[in-house]
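S.K.: Got a sequence here, can you model it:
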Amino acid sequence: MILYPSVDKLLEKVDSRYKLIALGAKRAHELEQGELPTLEKFDSVKPIGQAFEEIEAGNVVIDQTK
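M.R.: Numbering: from 1, shown residues only. Next comes the predicted model:
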């Protein structure tokens, strides 16, 4: 269960739960592989939580051209 950021806040950035989970999982995998984070500090210690924090901040978005 996601506590922070809230699912409601995240769904303001991504228009469906499916897309949100796919985007979060992809970004979490990138962070685990050593990709540089887009935030200086995270509240979450896990990559999936960090990915959701980046999405909530508007730093990670779905590329509509693909």
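
S.K.: give me the low-pLDDT residue ranges for this protein?
M.R.: For the chain, the stretches flagged by pLDDT under 70 are 1-3, 66.

S.K.: cutoff 90 now
M.R.: Where the chain drops to pLDDT under 90, the residues are 1-8, 61-66.

S.K.: what's downstream of the biggest helix by length in it, the next helix or strand?
M.R.: Counting by DSSP state H, the longest helix found in the chain is helix 17-32. In the C-terminal direction, the helix or strand that comes right after helix 17-32 (DSSP states H and E) is helix 47-57.

S.K.: Restricting the selection to alpha carbons, write that following helix to CSV.
M.R.: Extracted C-alpha coordinates of helix 47-57, given in CSV (Å, rounded to 0.1, in the frame of the first residue of the first chain):
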residue,chain,number,x,y,z
PRO,A,47,13.2,2.7,-5.1
ILE,A,48,9.5,2.4,-5.9
GLY,A,49,8.6,5.0,-3.3
GLN,A,50,11.4,7.3,-4.6
ALA,A,51,10.0,6.8,-8.2
PHE,A,52,6.5,7.8,-7.0
GLU,A,53,8.0,10.9,-5.3
GLU,A,54,9.6,11.9,-8.5
ILE,A,55,6.3,11.4,-10.4
GLU,A,56,4.5,13.5,-7.8
ALA,A,57,7.1,16.3,-8.2
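
S.K.: Many thanks, have a good one.
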